[in-house]
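Undergrad: Quick one, fold the following:
(one chain, ligands or ions: 1)
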Amino acid sequence: MTNDLVLRTATDDDYAEIEAHINRAFLDDVDEDTADLNRMIFEPGRTQLMTDAGQIVGTGLVLTRDLSVPGGVVPTAHVTGVGVASTHRRRGVLTALMNAMLTEAHDRGTEPLAALWASEGAIYGRYGYGLASWRVSYEIASGETSVGGTTPEGGRLRQSATSDVLDEIKALYDRVLAQRPGLSTRQGKWWEYLTADPKGWRRGMSAERTVLYEDDGGVRGYARFRTKPGWSKSGPDGEIRVTEVLAETPDAHAALWRFLTSVDLVRTVKYTHGPVDDPMPHLVTNPDALVGSAAGSLWVRILDVPGALAARRYAAPVDVVLEVIDSTFSGNAGRWRLVGDDAKADVTPADADADLALDVRALGSLYLGGVSAGTLAAAGLITERTPGSLARVSTAFGWHRAPVTVEIF
Ligand SMILES: CC(=O)SCCNC(=O)CCNC(=O)[C@H](O)C(C)(C)COP(=O)(O)OP(=O)(O)OC[C@H]1O[C@@H](n2cnc3c(N)ncnc32)[C@H](O)[C@@H]1OP(=O)(O)O
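TA: Just a heads-up that it's a prediction; the model follows:
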């Protein structure tokens with residue numbers, strides 16, 4: 001790096017320049033409506049800037065939120081808005097920004113995790129992030145399949161503008177979050193932000209709508225979606241793009257997808273945030289009409305190894321000594337004894353020999369229960385020192401629901 005580069009924390013006054021810089025880095029223009037919205041979630045004190053002769057050439061933003069993990073909810077530094085000017089790339093600017101963001105989050109002492117969505121998968125492993133969850137994208141030819149079964153008696157659908165049913169879907173979201181890892185909490189301004197629906201977010205689709213499924217016990221699930229009319233030589237060719245589908249009962253999940261795949265004039269339904277354990281292939285009458293593909297979603301960086309391991313729960317009783325390598329945060333490195341089950345977990349420094357050795361990056365991949373220790377060992381990222389410990393840890397670190405992250409932040 002040259003001497004003209006200065007790393008500093010942002011202030012409120014930097015906002016407009018940050019917004020312009022991030023849009024440039026992501027090959028886009030500033031959209032005024034979106035810029036006003038982004039200001040709502042801007043945390044200047046957690047935003048790191050690199051400047052050159054006073055001009056911003058690099059940004060890294062941290063948003064203060066919590067993340068659901070197996071059996072709990074954990075304060076997590078949500079890292080986003082990483083961008084380095086094309087004129088300043090490959091000179092270590094990102095490394096300096098990331099070190100500053102992670103150090104600030106680590107030194108708070110209240111956030112055992114950091115998490116992000118990567119624009120490119122090759123970037124973040126070097127900073128200790130492990131790929132921890134996957135998302136399944138569907139493109140459903142709705143004319144060629146349908147969701148089997150019928151909606152039970154008492155079950156009904158109600159369609160509305162999202163803003164009119166916000167209180168109902170907020171409560172449902174929180175209940176689903178308590179059951180499934182990988183979801184970010186949406187306290188205060190987050191719901192207002194995510195459902196503001198500025199034109200710039202629609203990408204040629206309609207305003208967002210929400211369909212709710214309810215039974216006599218209340219709202220059990222909802223789907224947020226947009227539509228787009230279309231006509232081909234052979235007739236209607238409309239599209240639905242689903243923003244998110246969350247349901248707390250199988251009936252609600254099936255009824256919502258039955259609705260989404262049977263709207264008149266629609267021929268294609270797209271969704272990009274399904275969990276890998278989504279029952280969809282088993283619900284539809286013709287699974288071949290579901291074109292699905294899986295891609296990595298959330299990357300997790302463990303900032304506090306004992307704090308993070310004690311904050312989640314385990315699918316089976318486990319008593320293991322892990323040797324963790326972390327070249328950035330020395331407090332994480334060393335041997336840790338984890339004793340845990342589905343109700344509690346205790347982590348202490350260990351003198352005994354390690355059963356398993358792994359880098360903090362592999363621990364991040366394991367953490368949400370969506371990647372098995374056996375898989376990571378097969379990739380050479382975990383070393384088994386005590387025979388049998390790998391199988392035990394694979395089972396204990398798994399979870400009965402796959403993690404899913406329904407919102408790109
Ligand atoms: C959480 C988020 O916000 S994800 C969004 C990330 N931002 C973008 O994709 C926007 C466009 N790209 C950029 O702004 C920049 O190219 C960045 C932020 C990806 C990288 O910034 P740079 O300042 O060039 O990175 P820096 O010079 O610090 O590189 C550090 C290391 O990462 C590597 N690296 C950087 N970018 C990439 C990449 N896209 N693919 C693979 N490796 C990369 C560098 O080669 C270097 O490797 P080394 O340590 O082995 O030498």
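Undergrad: in this structure, which segments are predicted with low confidence?
TA: Within the chain, the segments meeting pLDDT under 70 span 1-3.
Undergrad: biggest strand in it, by residue count?
TA: In the chain, taking DSSP state E as the definition, the longest strand is strand 55-69.
Undergrad: Now name the helix or strand holding the residue lying closest to D216 once chain neighbours are set aside.
TA: Counting by Cβ to Cβ, 6 or more residues apart in numbering, G154 is the residue found nearest to D216 once chain neighbours are left out, at 5.1 Å. For glycine as for every other residue, the C-beta is placed from the backbone atoms N, C-alpha and C. Assigned by DSSP states H and E, G154 falls within no helix or strand.
Undergrad: now swap in the one 4 residues further on and tell me
TA: Element membership for R158 (DSSP H and E) is strand 156-161.
Undergrad: Give me the packing partners of the next helix or strand after that strand, helices and strands only.
TA: Note on strand 156-161: by DSSP H and E, the next helix or strand toward the C-terminus is helix 166-177. On a contact count with 3 or more Cβ pairs under 8 Å, 6 or more residues apart in numbering; DSSP states H and E, helix 166-177 meets strand 209-215, strand 218-228, strand 238-247.
Undergrad: outside of helix 166-177, which residues touch it?
TA: For helix 166-177, contacts defined as Cβ atoms under 8 Å, 6 or more residues apart in numbering pick out 68, 73, 162, 183, 185-186, 191, 195, 210, 212, 219-222, 224, 246-248.
Undergrad: now the angle between strand 55-69 and it, please.
TA: With axes from the mean of the first three to the mean of the last three Cα atoms, to 10 degrees defining the directions, helix 166-177 sits at 70 degrees from strand 55-69.
Undergrad: how about A295, what does it touch?
TA: By Cβ under 8 Å, 6+ apart, the neighbours of A295 are 134-135, 137.
Undergrad: Now it: which helix or strand?
TA: Element membership for A295 (DSSP H and E) is strand 290-296.
Undergrad: touching the ligand at all, that strand?
TA: No. Remark: strand 290-296 sits outside contact range of the ligand, by Cβ under 6 Å from any ligand atom, the gap being at least 12.4 Å.
Undergrad: send the alpha carbons of that strand over as PDB?
TA: The C-alpha trace of strand 290-296 is given here as PDB (Å, rounded to 0.1, in the frame of the first residue of the first chain):
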ATOM      1  CA  LEU A 290     -38.500 -28.400 -10.800                       C
ATOM      2  CA  VAL A 291     -35.200 -27.200 -12.200                       C
ATOM      3  CA  GLY A 292     -33.000 -26.900  -9.100                       C
ATOM      4  CA  SER A 293     -29.400 -25.900  -8.500                       C
ATOM      5  CA  ALA A 294     -27.500 -25.400  -5.200                       C
ATOM      6  CA  ALA A 295     -25.000 -22.700  -4.500                       C
ATOM      7  CA  GLY A 296     -23.100 -21.500  -1.400                       C
END
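Undergrad: Can you list the strands that the next helix or strand after that strand pairs with?
TA: For strand 290-296, the succeeding helix or strand toward the C-terminus, using DSSP H and E, is strand 298-302. Strand 298-302 sits in its sheet next to strand 113-117 (antiparallel), strand 129-131 (antiparallel), going by DSSP bridges.
Undergrad: anything in the shortest one sitting right up against the ligand?
TA: No. Counting by Cβ under 6 Å from any ligand atom, no contacts exist between strand 129-131 and the ligand, the nearest distance being 9.4 Å.
Undergrad: continuing past that strand, what's the next helix or strand?
TA: Downstream of strand 129-131, the next assigned helix or strand under DSSP H and E is strand 134-141.
Undergrad: the inter-axis angle of that next one versus strand 113-117?
TA: Using the same axes, to 10 degrees: strand 134-141 against strand 113-117 is 30 degrees.
Undergrad: And strand 134-141, how far out from the chain middle?
TA: 16 Å (Cα atoms, centre = their mean, to the nearest Å).
Undergrad: Please apply the same query to stretch 159-178.
TA: How far stretch 159-178 lies from its chain's middle: 18 Å, per Cα atoms, centre = their mean.
Undergrad: who's P75 bridged to?
TA: D66.
Undergrad: list the contacts for it?
TA: For P75, the contact set (Cβ under 8 Å, 6+ apart) comprises 64-66, 110-113.
Undergrad: Repeat that for Y129.
TA: 114, 116, 118, 299-301, 361, 364.
Undergrad: Show me what the longest helix along the chain is packed up against.
TA: Under DSSP state H, the helix in the chain containing the largest number of residues is helix 93-108. Helix 93-108 is packed against strand 5-9, strand 47-52, strand 55-69, strand 72-84, strand 113-117, with contacts defined by 3+ Cβ pairs under 8 Å, 6+ apart.
Undergrad: Deepest-packed of those, please.
TA: Among the helices and strands packed on helix 93-108, the stretch with the highest mean neighbour count (mean count of other Cβ atoms under 10 Å) is strand 113-117, at a mean of 24.
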